[in-house]
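**Student:** return a 3D structure for these sequence lines:
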Amino acid sequence: MRNNRGFTLIELLIALTLLVVLSAALYGTYFSVVSARDKGGVRIEERRELSTTMAKLHDELSSAFFNKKNERLHFVVEDRDSFGKPSSLLQFTTLAPPRIDPAPASDVTVVRYSVLEKDEQMTLARESRDPYLDKSVKSVPYPLIDRIDGFLVECWDGGKWVKSWDTALNGFLPKKVRVTVTMKGGESFSTIASQRLSP
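**Tutor:** Next up is the predicted model:
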């Protein structure tokens, strides 16, 4: 005689319980992997932004240009503080990259790096303008790196590192400039640039 008996209620409940436990484990694992991938992607993007910014800043500082006879050509570092963290202001004249459009422009540009503050968050921003064109046209800060914990600029005068500099007072460019960007979490990245051009 064949046994046509089906599953008992207890067997079905045990099977459903195992299915729910396995589904919950897979669900949690899947979303943990997706979350880790997203965080990794954000971190890689932040590192790419930081690397690009530091390389550009290093090149611009190496091409900084100053002339005592021309007040438009200058180099200024102001020691500032934001929420107890360094937020230096850096403004200087550097050689402008070649342009492909026919718009009038000189071969130098004034570059300004500063920290923008919003909702107790710090963002490193850059703006640039031609020193010989109409000064009434305002440059707009462009955010480079979000969520930083500090932006410190130091100048080497030949004997010590100082946090403020003004070519109107010093009369010359610093021998070296060290820029340090501190990211959230306390990780710091620095670059040191030396002047390549003679005034």
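**Student:** and the strands in this structure?
**Tutor:** 75-78, 81-82, 85-86, 89-95, 108-118, 121-129, 142-156, 161-162, 165-166, 176-183, 188-194 (DSSP state E).
**Student:** and residue 63, which of these is closest to it?
**Tutor:** strand 89-95 (4.4 Å; CB to CB). Any C-beta I mention is one placed from the backbone N, CA and C, and that applies to glycine too.
**Student:** which helices and strands does the lengthiest helix in the chain pack with?
**Tutor:** Assignment by DSSP state H gives helix 9-62 as the longest helix of the chain. Judged by 3 or more CB pairs under 8 Å, 6 or more residues apart in numbering; DSSP states H and E, helix 9-62 is in contact with strand 89-95, strand 142-156, strand 176-183, strand 188-194.
**Student:** do that again at 7 Å, thanks
**Tutor:** Applying 3 or more CB pairs under 7 Å, 6 or more residues apart in numbering; DSSP states H and E, one finds that helix 9-62 contacts strand 142-156, strand 176-183, strand 188-194.
**Student:** mean pLDDT and distance to residue 126 added to the ones you listed, as TSV?
**Tutor:** Shown next, in TSV, are the helices and strands packed on helix 9-62 (pLDDT from 0 to 100; distance: least, CB to CB, whole Å):
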stretch	mean pLDDT	distance to residue 126
strand 142-156	92	5
strand 176-183	94	12
strand 188-194	91	15
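**Student:** now these in CSV, with distance to residue 14 and mean neighbour count?
**Tutor:** Listed next are the helices and strands packed on helix 9-62 as CSV, based on distance: least, CB to CB, whole Å; neighbours: other CB atoms under 10 Å:
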stretch, distance to residue 14, mean neighbour count
strand 142-156, 50, 18
strand 176-183, 51, 19
strand 188-194, 56, 14
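**Student:** as CSV, these with distance to residue 120 would be great.
**Tutor:** CSV is the format used below for the helices and strands packed on helix 9-62 (distance: least, CB to CB, whole Å):
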stretch, distance to residue 120
strand 142-156, 11
strand 176-183, 15
strand 188-194, 20
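**Student:** which among those strands is found nearest to residue 61?
**Tutor:** When the helices and strands packed on helix 9-62 are compared (using CB to CB), the closest one is strand 188-194, at 3.7 Å.
**Student:** quick check: neighbours of the closest one in the sheet, parallel or antiparallel?
**Tutor:** Strands adjacent to strand 188-194 in the sheet, as given by DSSP bridges, are strand 176-183 (antiparallel).
**Student:** just want the angle from the strand it pairs with to strand 142-156.
**Tutor:** Relative orientation of strand 176-183 with respect to strand 142-156: 130 degrees, computed using axes from the mean of the first three to the mean of the last three CA atoms, to 10 degrees.
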